[in-house]
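Trainee: Return atomic coordinates for the entry below.
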Amino acid sequence: MRHTVAQGEHLPGIASRYGFLNWRALYEHPDNRALRAMRPNPFLLYPGDVVYIPDRKERRARRPTGRSHRFTSSQKTMLLRLAVKDADGQSMDGSFYELETGREVFSGILKTFIEHAVPVDTEMATLRVWKDAHAEVPGLVWRLRVGHLDPIDTVSGIQGRLRNLGFGCGPIDGIAGPLTEAAVRAFQRNHGLSVDGVVGPLTRARLVEVHGC
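Mentor: Below you'll find the predicted structure:
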């Protein structure tokens, strides 16, 4: 069976949909070698990518008859990892945060990254940050679309990273128009790159480095 990736889908979610507890069973399957070559980051898929779905191996357990037995399965989760920076691109370490996924609310003090295990079917999350721990309301609030970042070798992937970093590029539509070019120029200027509005190898590598993926 083959699964065609839709916008917002990621490998952990696809694996869970077909009854696999571990996404590696799909990604490392020999029939997905072309996918691995094209998408070295298994968490960044692109609409139209094709994932081969192998048959699941049946698991058996021997138990005596005439008794009640309880079987449990592992909860299907994935790691949500976020880097939080202010408008100047500076770390906000030490600020208090609250991450709401719809089912759970996590909170803590910001460090380099926020990392939490969330259900694989999480689609939206809300991140609130308090610079002032005594303030009644958060100073910053972000609505996050989980799994919607496209690979860096696509125009929409470039646009998504630019927008996340605060460089306005218009809608994330996969069209390299004048707003996207202006955002690329601004990013290049801010990071000491040649300013030409073109996302070549150096700009692409720097964009991935600054964004974190």
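Trainee: ok, and what's touching the longest helix seen in the chain?
Mentor: Ranked by residue count under DSSP state H, the longest helix found in the chain is helix 178-190. The contact list for helix 178-190 (Cβ atoms under 8 Å, 6 or more residues apart in numbering) reads 89, 155, 158-159, 162-163, 165, 167-170, 193-199, 203, 206-207. C-beta coordinates here come from the backbone N, C-alpha and C atoms, glycine included.
Trainee: Also stretch 76-92?
Mentor: For stretch 76-92, the external contacting residues (Cβ under 8 Å, 6+ apart) are 10, 12-13, 16, 21, 95, 97, 99, 101, 110, 112-120, 122, 125, 127, 129, 131, 144, 146, 165-166, 190, 210-212.
Trainee: And stretch 149-157, end to end?
Mentor: Terminal residues of stretch 149-157 lie 6 Å apart, using Cα to Cα, to the nearest Å.
Trainee: Which positions in that stretch come out as buried?
Mentor: Neighbour-count burial for stretch 149-157 flags 149-152, 155-157 (criterion: 16 or more other Cβ atoms under 10 Å).
Trainee: now those residues as TSV including pLDDT, distance to residue 37 and secondary structure?
Mentor: Shown next, in TSV, are the buried residues of stretch 149-157 (pLDDT from 0 to 100; distance: Cβ to Cβ, whole Å; DSSP: H, G, I helix; E, B strand; the rest coil):
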residue	pLDDT	distance to residue 37	secondary structure
149	92	20	coil
150	94	17	coil
151	95	13	coil
152	94	15	coil
155	96	21	helix
156	96	21	helix
157	95	17	helix
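Trainee: ok, residue 25 - contacts?
Mentor: The contact partners of residue 25, by Cβ under 8 Å, 6+ apart, come to 15, 54.
Trainee: quick revisit: which of the contacts of helix 178-190 fall in helices?
Mentor: Checked against DSSP H, the contacts of helix 178-190 include these in helices: 155, 158-159, 162-163, 203, 206-207.
Trainee: what's the most distant pair in these?
Mentor: With distances taken as Cβ to Cβ, the most widely separated pair in the ones in helices among the contacts of helix 178-190 is 155 and 206, at 17.1 Å.
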